[in-house]
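In: after the sequence you'll find the predicted model.
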Amino acid sequence: MGRKAYSTDLTDAQWALIDPFLQAWKAKRPSPSGHEGRYDLREIINALFYQNRTSCQWKLLPHDLPPYSAVYYYFALWRDDGTDQVIHDLLRCQVREKAGRTEDPSAVALDTQSVRAANHVPAATTGKDAGKRVPGRKRGLAVDALGLIIAVVVMAASATDNQIGVKLIDRVVAHAPTVTKAWVDAGFKDDVAIHGAVHGIDVEQVLRSDSRAGFVPIAKRWIVEQINGTLMLHRRLVREYEIREASSESHTWWASTANMVRRLTGTATASWRDT
């Protein structure tokens, strides 16, 4: 590549997983002039992974990566045309098949997480989580039994779990119509159960036991809580920086994609403990 590699860079094996999808994407968008594009798409993905992991500002991307204007151009383009989720979902199918599962899951676990917003995030799209007293936005996830993300919804933190749960159910139905079971916590009320039933999904509350102090992993539900914690390794998701909720959702897809290509190739990103 002509530069020293970052720990977040794609290996050849990891790039081989993503490259076919982007080649198909390019084939559907031929340039009238025949111009192939100035920047290598592998380097664009490397820059997206770098920013997601480090949380640097767009304009502070390292100079040996493509310029931030080009990286953001592709980020916004893939966000708006759904390419980020298409790549993610196709990789998810591969991870499930590698684990001996069918391509699409039959059950999911739902949960929400409130994230503080930076001061430039529009007040019109943020709020305060009254229960957790967190001002910002709330991220809702639906994950399968392997911890793979099926749906993500980002709303103001003032939104109820019911509101997010209904949207999650809609997106689960759209992207994984085989799902017939959903496990939730006590924050998801009757509205979610009723909405799930309308779509043929049995929504079951799995409550924590108050008989044991401290953190206790809860059967069926623990996996989504674990994924919420894993996503925090991608610093861009620790705080809400995005003007648009859709950008936050896209960053979540890319973080999950980075995790899956490592999972499929048996590699890991070096942490500070490895230095």
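Out: Happy to help now that I have it. Numbering: from 1, shown residues only.

In: what's around Q85, how many residues?
Out: Here the count is done by other CB atoms under 10 Å, and Q85 has 23 residues near it. For every residue, glycine as well, the C-beta is placed using N, CA and C.

In: phi first, then psi, for it.
Out: The phi/psi pair for Q85 (degrees, to the nearest 10) reads phi -80, psi -30.

In: find the nearest non-adjacent residue to it, please.
Out: Spatial nearest neighbour of Q85, chain neighbours left out: W253 (5.4 Å); criterion: CB to CB, 6 or more residues apart in numbering.

In: ok, that neighbour to T267 distance?
Out: 20 Å (CB to CB, to the nearest Å).

In: helices along the stretch 1-150 of the chain, start to end?
Out: Counting by DSSP state H, counting those that start in this stretch, the stretch 1-150 of the chain has helices at residues 12-27, 41-54, 68-81, 83-98.

In: show me what the third one is in contact with.
Out: With CB atoms under 8 Å, 6 or more residues apart in numbering as the contact definition, helix 68-81 has outside contacts at 38-39, 41, 44, 47-48, 51, 58-61, 65, 83-84, 87, 246-247, 249-250.

In: derive a ChimeraX selection command for the buried subset of these.
Out: Those of the contacts of helix 68-81 that count as buried under 16 or more other CB atoms under 10 Å are selected in ChimeraX with:
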select :41,44,47,48,51,61,65,83,84,87,247,249,250
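
In: nearest residue to D161 in space, please, no chain neighbours.
Out: D161 sits nearest to G187 (CB to CB, 6+ apart), 3.7 Å away.

In: give me the helices and strands touching the helix ranked longest in the chain, please.
Out: Determined from DSSP state H, the single longest helix within the chain is helix 245-265. The contact analysis (3 or more CB pairs under 8 Å, 6 or more residues apart in numbering; DSSP states H and E) places helix 245-265 against helix 12-27, helix 41-54, helix 68-81, helix 83-98, strand 134-143, strand 149-156, helix 222-231.
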